[in-house]
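Peer 1: please work out how this folds:
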Amino acid sequence: MARRRLVLAVNTPAVLLGLLLVVLLTATASMPLSTFVPDRIVRLSYEIERYDITYSWGGGHGARPGPTKGTCQGYSGRIKPCPAARTRGLDCSGLARWVYALAHGTDVLGPGNTDDHVRRMRPVAAGRPGDLVFFGKITKNKIKTHHVGIYLGRGKMMNAPETGASVRIDDIGRRSDFAGFYRY
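Peer 2: Take a look at the predicted model:
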């Protein structure tokens, strides 16, 4: 009689669902967390674009990632006088830093500019959504970049392009000095 009850209990939908859940959790627990981060990076990029965050030279480089007032130090943008010190927003590397921090749960890129971020990553031959795409010149001995975007796939990137613009999607080919795809 006890055996019959056990068979009936295992056949109930709740127990079968529970067993399925245990099997799925066991199977996915062995997968590295990093396989899910690129999807999260892309999703967060699209979410941030919806907030119409303004470009601000030096924005996003505070103690913690996220929009901050910028700086006019080193500014050479077309809008004069420099609006960065009074504009809360992000520059291109501030955007990349913030999205990566949200996706990874910690500030993996850290403060700094595009050159600093390249050094924390590894080059890859072909970009995948969630990678960073850099512009400028990168050689074995020298890194001199000036722009970074978050690769979305199909030749598109999310980026904070220039003073006067908001975070937006652009074609990678819009800029002529592509330096490569990089992955954390």
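Peer 1: element containing I41, please.
Peer 2: Here I41 sits within helix 37-49, counting by DSSP states H and E.
Peer 1: could you list the buried residues of that helix?
Peer 2: When neighbours are counted by 16 or more other CB atoms under 10 Å, the buried residues of helix 37-49 are found to be 37-38, 40-42, 44-45, 48-49. Every residue, glycine included, has its C-beta placed from N, CA and C.
Peer 1: other residues contacting the helix or strand following it?
Peer 2: Following helix 37-49 in sequence order, the next helix or strand is strand 68-69 (DSSP H and E). Strand 68-69 has contacts (CB atoms under 8 Å, 6 or more residues apart in numbering) with 56, 59-62, 84-89, 94.
Peer 1: partner strands of the next helix or strand after strand 68-69, with direction?
Peer 2: Next in sequence after strand 68-69, counting helices and strands by DSSP H and E, comes strand 88-89. Within its sheet, strand 88-89 is paired with strand 68-69 (antiparallel), according to DSSP bridges.
Peer 1: what is the mean pLDDT for stretch 173-184?
Peer 2: What stretch 173-184 shows for mean pLDDT is 96.
Peer 1: before we move on, which element is G94 in?
Peer 2: helix 92-104.
Peer 1: pLDDT averaged over that helix - what is it?
Peer 2: For helix 92-104, the per-residue pLDDT averages 98.
Peer 1: helix 37-49 and that helix, what's the angle between them?
Peer 2: 120 degrees (axes from the mean of the first three to the mean of the last three CA atoms, to 10 degrees).
Peer 1: need the contact partners of helix 92-104.
Peer 2: Contacts for helix 92-104 (CB under 8 Å, 6+ apart): 37, 40-41, 44-45, 48, 53, 56, 58-61, 64-68, 90, 107-114, 116-117, 130, 132, 147-150, 158-161, 167, 184.
Peer 1: ok, now which ones touch T114?
Peer 2: 92-93, 134, 136, 145-148.
Peer 1: quick one: average pLDDT of the host helix or strand of K144?
Peer 2: Per DSSP H and E, K144 falls inside strand 143-153. Averaged across strand 143-153, pLDDT comes to 97.
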